[in-house]
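Novice: I'd like to go over a predicted model; first the sequence, then the structure.
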Amino acid sequence: MIKTLLFVAVLFVAPVAHAAGGGDKKLPNKNWSFEGPFGEYDRGALQRGFQVYSQVCSACHAMKHLSYRNLSALGYSPEEVKAIAAQYTVMDGPDGEGEMFERAAKPSDKFKSPFENDNAAKYANNGALPPDLSLITKARVGGADYIYALLTGYEDHAPEGEELGDGQYWNKYMPGHKIAMAAPLSDDVVAYEDGSPTTTSQYSQDVSHFLTWAAEPEMEVRKQTGIKVLLFLFVFAVIMYRVKKKIWKNVKH
């Protein structure tokens with residue numbers, strides 16, 4: 001029974017890894033609100049993070065596993081979700097004449113990708129393919145901590161003895177430290193309406209929060225279910241122990 005309890009605890013807690021993703025640099029631990037068995041997403045941070053993604057990151061990075069309707073989980077109303085989707089146009093069809101046509105996106109549509117295909121993405125980014133961000137915090141060791149570190153880890157110059165090629169930048173947290181993406185964030189590039197600081201650090205923290213939700217939107221439900229299961233198993237174990245004591249109390253051992 002104890003082994004079962006521990007197994008279930010590991011399954012539903014699933015802590016975020018904090019191993020260094022950049023080799024010799026330890027990742028900063030931001031103590032995210034979603035960490036731990038009772039952790040939850042911060043809806044304000046999620047909305048700010050989506051704003052950073054949509055105004056900055058979406059110029060190069062797709063999120064092909066998300067639909068606009070998923071944004072309701074961030075606290076947006078159905079009307080707000082429709083308005084967000086309507087800002088984009090998608091190809092549809094064929095129509096009655098067999099032609100494809102453009103229309104405003106609907107909540108049921110997937111997030112619009114910035115490029116038509118991978119080759120177009122590579123051509124626009126000096127041969128580098130920007131990764132899809134839908135599951136990026138699951139695909140990188142360190143999760144949200146790694147994304148935050150990467151976004152804040154750019155340095156103006158490479159260390160002495162290191163050379164950067166054309167289109168390369170130095171990032172102390174990137175494995176190998178050389179990255180093809182220029183620093184995407186700087187102070188005051190996104191205007192927050194809730195009064196939060198408009199700094200690179202805050203932007204990085206918010207978009208990392210958002211990308212964690214994108215990769216694991218069911219996390220809160222999983223944790224709540226895990227807690228209920230653990231409570232049930234604990235009560236069940238107590239009941240079975242008392243039943244066992246009652247059945248065997250008159251039996252000599």
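Specialist: Sure, I can see it.
Novice: where along the stretch 151-253 of the chain do the strands fall?
Specialist: 154-155, 169-171, 178-179 (DSSP state E, counting those that start in this stretch).
Novice: can you redo these as a markdown table with mean pLDDT and distance to residue 66?
Specialist: Using the backbone N, CA and C atoms, a C-beta is placed for each residue, glycine as well. Output for these, formatted as a markdown table (pLDDT from 0 to 100; distance: least, CB to CB, whole Å):
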| stretch | mean pLDDT | distance to residue 66 |
| --- | --- | --- |
| strand 154-155 | 96 | 27 |
| strand 169-171 | 97 | 26 |
| strand 178-179 | 94 | 24 |
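Novice: to residue 70, which of those strands lies closest?
Specialist: strand 178-179 (28.8 Å; CB to CB).
Novice: against which helices or strands is the closest one packed?
Specialist: strand 169-171 (3 or more CB pairs under 8 Å, 6 or more residues apart in numbering; DSSP states H and E).
Novice: the strand it packs on packs against which elements?
Specialist: Against strand 169-171 (3+ CB pairs under 8 Å, 6+ apart) you get strand 154-155, strand 178-179.
Novice: tell me the strands beside it, with direction?
Specialist: Using DSSP bridges, the strands paired with strand 169-171 in its sheet are strand 154-155 (antiparallel), strand 178-179 (antiparallel).
Novice: out of the helices and strands packed on strand 169-171, nearest to residue 94?
Specialist: Of the helices and strands packed on strand 169-171, nearest to residue 94 by CB to CB is strand 178-179, at 41.6 Å.
Novice: next one: the lengthiest helix in the chain to chain centre, how far?
Specialist: Determined from DSSP state H, the single longest helix within the chain is helix 219-248. Centroid displacement of helix 219-248 relative to its chain, using CA atoms, centre = their mean, to the nearest Å, is 32 Å.
Novice: which parts of it are buried?
Specialist: For helix 219-248, the neighbour count (16 or more other CB atoms under 10 Å) marks 219, 220, 223, 226, 227, 229, 230, 233 as buried.
Novice: one more: stretch 66-85?
Specialist: 66, 67, 68, 69, 70, 71, 74, 76, 81, 82, 84, 85.
Novice: and what of stretch 107-116?
Specialist: 107, 109, 110, 111, 112, 113, 115.
Novice: check which helix or strand covers the fifth one.
Specialist: In this assignment (DSSP states H and E), residue 112 forms part of neither any helix nor any strand.
Novice: list the residues that contact the nearest residue to it once chain neighbours are set aside.
Specialist: With sequence-adjacent residues excluded and distances taken as CB to CB, 6 or more residues apart in numbering, residue 112 is closest to residue 88, at 4.5 Å. Residue 88 sits next to 104, 105, 109, 112 when contact means CB atoms under 8 Å, 6 or more residues apart in numbering.
Novice: any idea of the pLDDT on the nearest residue to the first one once chain neighbours are set aside?
Specialist: If you skip the residues right next to it in sequence, residue 104 has residue 86 as its closest partner in space, 4.6 Å away by CB to CB, 6+ apart. With respect to pLDDT, residue 86 has a value of 97.
Novice: any idea how far residue 86 is from residue 40?
Specialist: Applying CB to CB, to the nearest Å, the value for residue 86 to residue 40 is 30 Å.
Novice: what's the span of stretch 62-77 from first residue to last?
Specialist: One end of stretch 62-77 sits 23 Å from the other (CA to CA, to the nearest Å).
Novice: and the average pLDDT for that stretch is what?
Specialist: 97.
Novice: can you map out the helices along the stretch 1-150 of the chain?
Specialist: 2-13, 43-55, 78-85, 118-124, 136-139, 144-152 (DSSP state H, counting those that start in this stretch).
Novice: least confident of these, on average?
Specialist: helix 2-13 (a mean of 42).
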